[in-house]
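Enquirer: Pasting the sequence and the predicted model now:
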Amino acid sequence: MSTVSVLILTRNEEKHIRDCIESCLPVADEVIVIDDGSTDQTVAIAESLGAKVVQHALAQDWAQQRMFAISQASCEWILFVDADERVSSELAQEIRHVIDTGVKQSFTIQRENVFHHNRATHGVLRPDRVLRLMPRDGVTVTGAVHEMIASIYPSEPLQSSMYHYTYDTWEQYFNKFNSYTTVAAEAYRRSNKSVSFVKDILMRPLWAFLKMYLLQGGFLDGKMGWVLSVNHYFYTMMKYVKLYHLYKSNGKL
């Protein structure tokens, strides 16, 4: 019988980690939590549920953190689950079924986004497919913020869903907004990505809004769809504003 390592990255996730790990137990042969110095009860809760917790600094690079997590896994298969995600019982059963066939493939999972107290299923919070289940060997991860996971094995879609509890409060939303735009700007700077005030700060955010609100159907979610699409405008703009000022402060603009 094939075995599965569930890999979870954390920092101060005490509100989520119990439900996350418990949802993974039906499919996990081991749960490994890679913790970035949590100061709350994340580690204690994870260990009480039988998870192995390893301390490792994120250093504003999600890709290297996921690669480190892979290095800690001992099972044939790995399943990436974020702390704010939940594996449905149907998904757990489907995962067990496909890996026990002995197939060498990677699998994408449809992620249903849940925004606390608000219903939005289009635009920014539309369901998306993510590559999360694969044999441990031959995996690469690139990208500092919205990292890309790749496998040497061909991918197929699983039919069951996982649930992504995106934000509990607007305060949490904007804390992540600020953190992620800073990390993205730093990653762009390291790669010497160019920035144009007109193209990237004036025009690109407008296109980001139109894409989410019109092309991706954000307007179908009413007031919440408008709010989230406008926020996506500012998210896109702030990445490039921060990059612009990083270059400007170093005399490169």
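Expert: Structure received.
Enquirer: how about the strands in the stretch 101-250 of the chain?
Expert: Ranges of strands in the stretch 101-250 of the chain, per DSSP state E, counting those that start in this stretch, are 106-114, 128-135, 139-142, 148-151, 155-165.
Enquirer: Mind listing what's buried along the longest one?
Expert: Read that as strand 155-165. Within strand 155-165, the residues scored as buried using 16 or more other Cβ atoms under 10 Å are Leu158, Ser161, Met162, Tyr163, His164, Tyr165. In this view, the C-beta of every residue, glycine as well, is placed from N, C-alpha and C.
Enquirer: what do you get for stretch 181-190?
Expert: By neighbour count on 16+ other Cβ under 10 Å, the buried set for stretch 181-190 is Thr181, Thr182, Val183, Ala184, Ala185, Glu186, Ala187, Tyr188, Arg189.
Enquirer: thinking again about what came up before, which one among the buried residues of strand 155-165 gets closest to Arg126?
Expert: His164 (11.4 Å; Cβ to Cβ).
Enquirer: and this protein, what are its domains?
Expert: Annotated domains of the chain cover 4-165, 170-249 [automatic domain parsing].
Enquirer: In CSV, list those along with mean pLDDT.
Expert: As requested, the domains of the chain are exported to CSV (pLDDT from 0 to 100):
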stretch, mean pLDDT
domain 4-165, 93
domain 170-249, 93
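Enquirer: all helices of the stretch 151-253 of the chain, in order?
Expert: Applying DSSP state H, counting those that start in this stretch to the stretch 151-253 of the chain gives helices spanning 170-190, 204-210, 222-249.
Enquirer: Throw those helices into CSV and include distance to Gln64, thanks.
Expert: Shown next, in CSV, are these (distance: least, Cβ to Cβ, whole Å):
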stretch, distance to Gln64
helix 170-190, 12
helix 204-210, 27
helix 222-249, 20
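Enquirer: Quick check: which of the ones you listed is nearest to Val33?
Expert: With Cβ to Cβ as the measure, helix 170-190 is the member of these nearest Val33 (19.6 Å).
Enquirer: Check which helices and strands the closest one sits against.
Expert: On a contact count with 3 or more Cβ pairs under 8 Å, 6 or more residues apart in numbering; DSSP states H and E, helix 170-190 meets helix 222-249.
Enquirer: Would you mind getting the angle between the helix it packs on and helix 170-190?
Expert: Relative orientation of helix 222-249 versus helix 170-190 (axes from the mean of the first three to the mean of the last three Cα atoms, to 10 degrees): 40 degrees.
Enquirer: same for helix 222-249, what does it pack against?
Expert: Applying 3+ Cβ pairs under 8 Å, 6+ apart, one finds that helix 222-249 makes contact with helix 170-190, helix 204-210.
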